[in-house]
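[1] structure for this input, please:
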Amino acid sequence: MGLRQRRNDRRQRQCDHRTPPLERPLEDEALRNGFRQEYNLTVSGGNERSNHFLSLGYLDDEGIVANSDYSRLSMRASGNYDVNKYLQVNGNIAYARGEQNALNISSLSNYSNPFSFIQSVAPIYPVYQYDRSGNRVLDENGKPVYDFGDGTMGARAYAPNQNPVASNDANRNSTLTDNISIRAGITVNIWDGLKFQANGGYDVTNINRNQFMTPSFGDAQQVGGRGYKTRSRMDTYTINELLTYVKTFGKHTIDVMAGHENYYYAYNYLYNAKHMFFDPTIDEFNNAIVMDNMNSYTQKTSIESVFGRINYNFDDRYYISASIRGDGSSRFAPGHRWGTFWSLGASWRFSKESFMEGTRGWLDNASLRASYGTVGNDAILDSDGYANYYPYLNQYSVENADGAFSVSKWYQGNPELTWEKSANFNIGLTGVLFNNLLNLDVEYFYKHTSDMLYNVPQPPAAA
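    Numbering: from 1, shown residues only. Next up, the predicted model:
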């Protein structure tokens, strides 16, 4: 026997006059069979010199709870074109727009959560108000009036003045997201293995979130309703230029690369909160009179890099690789922004040596390798565990103290900060045996980190 059947049986045995004979169970009012639909259309084509691709998509999911729906519209287009044997271009653009409604569950209680409420409240209590004749009570607009167990039509011991179906109908929690992603590139074949490439990428994400808690009942009734509005925008772009040369001379193969890259990140955030709403059906701030909070901030960071790499191998037996790069980060003070990192590695495929011919029947491949290199890290967290994009600056919080400024130091900056450096040494032996039946790896690894970046808590007296 299922939960719904047991509840119906219990309902029929009740003598409480507050339970009308035709009242649907709470779970039937709060939950539903949501319909989901998704459509996709793709078009592609091309010839010996070009190709293109276009896709469109639409998704609509009603959700199993009213006002918990999600819809998404997406589009992507890409193309590649060989202008001639020296020049190729490519591009890609994608857009997605998502609209989501969710349960507006207050952190103050679980009473607005229909799943928790269904499991906690006795099944004898109705969702709507009924008169003594068993007829639903209607408001002036002809809509059923919700029962809150507050004594108006009868009292409820559990969660008085709460009704998750009514809360879900009156409250709002919506999020609108727009994403745009653009990629473009150009390749120039200069001469016999010498190639130049330029690539660019741009991504932007806009998020608008609106939350509203009705003043008529529920968790926000005592303050006349609450409203929250959040706006955020994230922009990133990456641009790089690469010059490569790949050439084979008999048994010798060389691969050389030099490049430059710029990375930029920006995040803008705006938050507003008000309470005391006049019209319980309008969630706009023009309808509220008391400001609770308003704040905004902008975070920006950028990295510029120059780098180079050379790979060499002889007869697929001896390999040498070397690289070097310089990175400049805006997270550090001028004069400390640049760090230099390098690596050197070698590998010997000794299974191809003539003195290993007697092992060819059972040894497929074997190599010995070793490498040493350094890498950098510029990320540091604040005392709350969030990324700090200006750790070299003193940072302050500004509060209102009866119309006067109240300024306190929130973060102690360090202008001497620079790149965290990790030196890594690795040596290993790799073997493949018995026609790829057995793989063997033996490795030794050592890592040493210097100039480690971490947040040091400061005593209150330091402020």
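[2] going by C-alpha atoms from here, please, whenever you check contacts or count neighbours.
    OK.
[3] from residue 275, how far off is the closest residue to residue 274 other than its chain neighbours?
    Counting by Cα to Cα, 6 or more residues apart in numbering, residue 291 is the residue found nearest to residue 274 once chain neighbours are left out, at 4.5 Å. Using Cα to Cα, to the nearest Å, one gets 7 Å for the distance from residue 291 to residue 275.
[4] more crowded one of these two?
    Higher neighbour count among residue 291 and residue 275: residue 275, with 25 against 13, using other Cα atoms under 10 Å.
[5] is the more buried one in a helix, a strand, or coil?
    Secondary structure, DSSP: H, G, I helix; E, B strand; the rest coil: residue 275 is strand.
[6] roughly how far apart are the residue lying closest to it once chain neighbours are set aside and residue 279?
    Once flanking residues are discounted, residue 275 sits nearest to residue 226: 4.4 Å by Cα to Cα, 6+ apart. Residue 226 is 12 Å from residue 279, where distance means Cα to Cα.
[7] ok, those two, which is more surrounded?
    Neighbour comparison, residue 226 and residue 279: the larger count goes to residue 226, with 25 against 15 (by other Cα under 10 Å).
[8] which residues touch the more buried one?
    212-215, 220, 273-277 (Cα atoms under 8 Å, 6 or more residues apart in numbering).
[9] switch to 6 Å and redo it
    Residue 226 sits next to 212-213, 274-275 when contact means Cα atoms under 6 Å, 6 or more residues apart in numbering.
[10] among the residues you listed, who's most crowded?
    Per-residue neighbour counts (other Cα under 10 Å) across those peak at residue 213, which has 28 neighbours.
[11] so it makes contact with residue 224?
    No - shown here, residue 213 and residue 224 do not form a contact pair, counting by Cα atoms under 6 Å, at 9.0 Å.
[12] per-residue confidence at residue 463?
    Per-residue pLDDT puts residue 463 at 54.
[13] er, residue 268 I mean
    For residue 268, pLDDT reads 97.
[14] kindly report the same for residue 122.
    Looking at residue 122, the pLDDT reads 82.
[15] neighbours of it, how many?
    16.
[16] how far away from the center of its chain is the helix or strand hosting residue 230?
    Element membership of residue 230, judged by DSSP states H and E, is strand 226-249. The chain centroid and the centroid of strand 226-249 are separated by 15 Å under Cα atoms, centre = their mean, to the nearest Å.
[17] that strand pairs with which strands, parallel or anti?
    Sheet pairing here is set by DSSP bridges, and for strand 226-249 it gives strand 194-213 (antiparallel), strand 252-277 (antiparallel).
[18] gap between residue 205 and residue 76?
    Using Cα to Cα, one obtains 16 Å as the distance from residue 205 to residue 76.
[19] could you do residue 231 as well?
    For residue 231, the distance to residue 76 (Cα to Cα) stands at 25 Å.
[20] which residue ranges of the stretch 1-150 of the chain form helices?
    For the stretch 1-150 of the chain, the helices defined by DSSP state H, counting those that start in this stretch occupy 3-13, 26-30, 114-120.
[21] run through the residues that contact the residue most central in space within the chain.
    For the chain, the residue nearest the mean C-alpha position is residue 205 (10.4 Å; Cα atoms, centre = their mean). By Cα under 6 Å, 6+ apart, the residues touching residue 205 are 178-179, 233-234.
[22] okay, the residue nearest to residue 275: pLDDT?
    For residue 226, the predicted pLDDT is 95.
[23] report the beta-bridge partner residues of it.
    Per DSSP bridges, the residues bridged to residue 226 are residue 213, residue 275.
[24] adjust the sequence numbering to begin at 5 for everything that follows.
    OK, 5 is where the count begins now, so the last one is residue 230.
[25] from residue 285, how far off is it?
    From residue 230 over to residue 285 (counting by Cα to Cα), the distance is 12 Å.
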